[in-house]
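Q: sequence-free structure coming up:
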């Protein structure tokens, strides 16, 4: 046996040991601590036909393939010297990749949608006006639907719907619909649209509000997801829209209610298996009318995908999901001790959570996180912007915090709570019902 053959055998052995070591892990985590991924702002994830993982971040897109390094692809998309964010990434049945982006400066200049076919990325010269594609729905290889939000001074009355059919682009604004969150085709001539009014059905630019079981102007907008011919709608609850009815999932709803979680993303593994991510870091599996909370990470789960890997006679099916600050690969068939495998106690990003319960009377809890020592103010305002209460006004070390707000003395209605910690500012809405 010559030296070259020996080297090849050694390489194969090392590769085999490395692969088996990875397969034996319950959870793989990639973050700014062990990869080139940014420390915050991850938004979306998709997996193409070659099993390459694509992640959209606050500054670029990133790709990863098994047993390789993460690669930043800003130069491929002509993103150098721009401040950008990737809004969504989706893959067509034939393997093409669509990517939406917007600039955080000079928002409405340059391409905002890209298409990757084979090895080449191409900026699409579509006229988006004052809008930005924030959600992409792939119906088939030649029919794409876009949720177009107006980022010009938050003109939510001017959100639009975009349609790409056989390479031709058109956009329109339905009447009586504003604050569009998602859009999917319901039939050949009708679209379902979620917005601040709940769920609407649109034929051309004419829309009809169809709310049950959603309330107009609710605290959380519902989101649509279409997988094959199945249509799902979710926020604080999960529904399947079937034969003009909303079919509920009571066991999922009960689990969400335990800690007032909100569904933020979902994917369908098979006819009987659905995966859900929540705003409180919960990864939920629905299987044949049984519900399992597989694990809980600290930050909100933004998107989920399923990754299949085969290596000879060994194979693995990983659930890939992203939080704002990391990408995770989970093997559900290996026990996970979250407290050992994830540092779920030390925050890496500023965040303000939705209060719970919500609606409330008269007490509710507000959680927030600060990744470094900061002077923190947390205040409550009414709908006219008048300051009502100061809950926090002091220097605090890094950590995760919970504050209880007592609304005794206030009337029923909508209120806002606002946090400022260093340069971080965020505001959320809560509803007091007496």
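A: Good, I have the coordinates. Predicted model only: the values in this text are computed from it and were never measured.
Q: for this protein, what helix or strand is lowest in average pLDDT?
A: Within the chain, no helix or strand scores below helix 338-341, which has a mean of 37 by mean pLDDT, DSSP states H and E.
Q: Report the next helix or strand after it in sequence order.
A: Downstream of helix 338-341, the next assigned helix or strand under DSSP states H and E is strand 351-352.
Q: residues touching residue 146, list them.
A: 100, 113, 133, 135, 136, 137, 161, 162, 163, 164, 171, 183 (Cβ atoms under 8 Å, 6 or more residues apart in numbering). From N, CA and C alone the C-beta is placed, and that goes for glycine too.
Q: And those, which of them are buried?
A: For the contacts of residue 146, a burial check counting by 16 or more other Cβ atoms under 10 Å picks out 100, 113, 133, 135, 136, 137, 161, 162, 163, 164, 171, 183.
Q: Residue 388: which of those residues is nearest?
A: Here the nearest of these to residue 388, counting by Cβ to Cβ, is residue 135; it sits at 34.8 Å.
Q: quick one: which of the buried ones among the contacts of residue 146 sit in helices?
A: Using DSSP state H, no member of the buried ones among the contacts of residue 146 sits in helices.
Q: And the strands in the stretch 1-150 of the chain?
A: Under the criterion DSSP state E, counting those that start in this stretch, the stretch 1-150 of the chain contains strands at 27-30, 44-47, 53-56, 61-64, 71-72, 84-91, 97-103, 113-117, 120-123, 131-140, 143-150.
Q: Of the buried ones among the contacts of residue 146, which is the nearest to residue 290?
A: residue 137 (29.1 Å).
Q: Look up how far residue 84 lies from the closest one.
A: 22 Å (Cβ to Cβ, to the nearest Å).
Q: before we move on, what about residue 236?
A: For residue 236, the distance to residue 84 - Cβ to Cβ - is 32 Å.
Q: Compare those two (neighbour count), which wins?
A: residue 84 (23 against 19; other Cβ atoms under 10 Å).
Q: Name the nearest residue to residue 327, sequence neighbours excluded.
A: residue 30 (4.6 Å; Cβ to Cβ, 6 or more residues apart in numbering).
Q: How about the contacts made by the one you found?
A: Per Cβ under 8 Å, 6+ apart, neighbours of residue 30: 37, 64, 70, 326, 327, 328.
Q: residues contacting the first one?
A: Okay, so that is residue 37. Contact analysis of residue 37 by Cβ under 8 Å, 6+ apart lists 30, 31, 55, 57, 62, 70, 326, 327.
Q: Got phi/psi on the second one?
A: Put plainly, it is residue 31. With angles defined as degrees, to the nearest 10, residue 31 sits at phi -150, psi -170.
Q: Now it: closest residue in space that isn't a chain neighbour?
A: That would be residue 326: by Cβ to Cβ, 6+ apart, it lies 3.8 Å from residue 31.
Q: Quick check: pLDDT value at that neighbour.
A: pLDDT recorded at residue 326 is 88.
Q: Could you report the separation of it from residue 357?
A: 28 Å.
Q: Pick out whichever of these two has more residues nearby.
A: Neighbour count, other Cβ under 10 Å: between residue 326 and residue 357, residue 326 has more, with 26 against 14.
Q: contacting residues around that one?
A: Per Cβ under 8 Å, 6+ apart, neighbours of residue 326: 29, 30, 31, 37, 42, 299, 348.
Q: quick revisit: and which of the contacts of residue 37 is nearest to residue 223?
A: Here the nearest of the contacts of residue 37 to residue 223, counting by Cβ to Cβ, is residue 55; it sits at 19.7 Å.
Q: Could you check how many residues crowd around the residue lying closest to residue 49 once chain neighbours are set aside?
A: Once flanking residues are discounted, residue 49 sits nearest to residue 95: 4.2 Å by Cβ to Cβ, 6+ apart. Residues contacting residue 95 under the criterion other Cβ under 10 Å number 13.
Q: cool, and residue 63?
A: For residue 63, using other Cβ under 10 Å, the count is 17.
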